[in-house]
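A.B. asks: predicted model and sequence below, questions to follow.
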Amino acid sequence: MLDVAVIEDPAAAEASLDPIRARLLAALAQPASATMLAAQLGLPRQKINYHLHALERHGLITLVEQRRKGNVTERLMQATAASYVISPTALAAVQPDPARSPDGLSARWLLAVAARLVREVGELITAAANVGKPLATFTVDGHIRFASAAHRAAFAEELAGALTALVSKYHDETAAGGRDHRVIVAVHPDPTPASPAAGTSGATENTGPHQPGTETKER
């Protein structure tokens, strides 16, 4: 089972958004049969089977074991991932385009960039899995408490300057065999009711230098 799977197919996305099927995906973090799920969710087994077939058809669950119980064959199913993210690719005709109106101070542009990040990293994860190779990425996630809007603006200016210096130092347009990477840095208000104290860090994925209040992704 994967930690996270990216859903790119529109039909699979539609299947996953059905309330009953979403409950089944959550329940199938551990292998279970239709009979076990019917008892757990309080639904008829025939209805459970109907939704399981739909999830299996779209590759969201898989058969892990098949065993005989008297005259009945019991199929144990499990979700293919612990959690799922729906890629903007599933809504290709209306997915946001960061190139449409780039504005570093626009929350909507940040959302468009984040959507592109989900789409591109999802595609890279799928491609890497198909060839059995790891995908090299780097992520920093942190928290900062600004005393004022002026401090926030000064932080953004210094951060932009530091990033520009780093890009100038390591970017090599003429490097033979070099590989292009995308770097994203975002600062946004923390929507959680109780923010941690200033200077404390949130969760980080992959080890690397920690910068408060930034989210970076390298690929």
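C.D. replies: Arrived safely.
A.B. asks: identify the residues contacting the helix or strand containing A82?
C.D. replies: Assessed by DSSP states H and E, A82 sits inside strand 81-86. For strand 81-86, contacts defined as Cβ atoms under 8 Å, 6 or more residues apart in numbering pick out 1-7, 13, 16-17, 25, 29, 60, 118, 122. For the C-beta atoms, the positions are set from N, CA and C on the backbone; glycine is no exception.
A.B. asks: contacting residues around the helix or strand that that strand is followed by?
C.D. replies: Next along the chain after strand 81-86, taking DSSP H and E as the criterion, comes helix 107-131. Helix 107-131 has contacts (Cβ under 8 Å, 6+ apart) with 6, 8, 85, 87-89, 95-98, 100-103, 134-135, 137, 182, 184, 186, 188, 217, 219.
A.B. asks: which of the residues you listed are buried?
C.D. replies: 6, 8, 87-89, 96, 98, 184, 217, 219 (16 or more other Cβ atoms under 10 Å).
A.B. asks: tell me where the chain has helices.
C.D. replies: Per DSSP state H, the chain carries helices over the ranges 10-17, 19-27, 34-41, 45-57, 107-131, 149-170.
A.B. asks: now render those as CSV, adding mean neighbour count.
C.D. replies: CSV is the format used below for these (neighbours: other Cβ atoms under 10 Å):
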stretch, mean neighbour count
helix 10-17, 17
helix 19-27, 16
helix 34-41, 17
helix 45-57, 17
helix 107-131, 15
helix 149-170, 11
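A.B. asks: now these in JSON lines, with mean pLDDT?
C.D. replies: Formatted as JSON lines, the helices of the chain follow (pLDDT from 0 to 100):
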{"stretch": "helix 10-17", "mean pLDDT": "94"}
{"stretch": "helix 19-27", "mean pLDDT": "96"}
{"stretch": "helix 34-41", "mean pLDDT": "94"}
{"stretch": "helix 45-57", "mean pLDDT": "95"}
{"stretch": "helix 107-131", "mean pLDDT": "89"}
{"stretch": "helix 149-170", "mean pLDDT": "95"}
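A.B. asks: columns distance to K69 on top of these, output as TSV?
C.D. replies: Formatted as TSV, the helices of the chain follow (distance: least, Cβ to Cβ, whole Å):
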stretch	distance to K69
helix 10-17	28
helix 19-27	20
helix 34-41	9
helix 45-57	13
helix 107-131	34
helix 149-170	61
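A.B. asks: the ones you listed: which one's closest to H143?
C.D. replies: helix 149-170 (12.8 Å; Cβ to Cβ).
A.B. asks: centre of the chain to that closest one, how far?
C.D. replies: On the basis of Cα atoms, centre = their mean, to the nearest Å, helix 149-170 is displaced by 27 Å from the centre of the chain it belongs to.
A.B. asks: please apply the same query to stretch 121-133.
C.D. replies: 14 Å.
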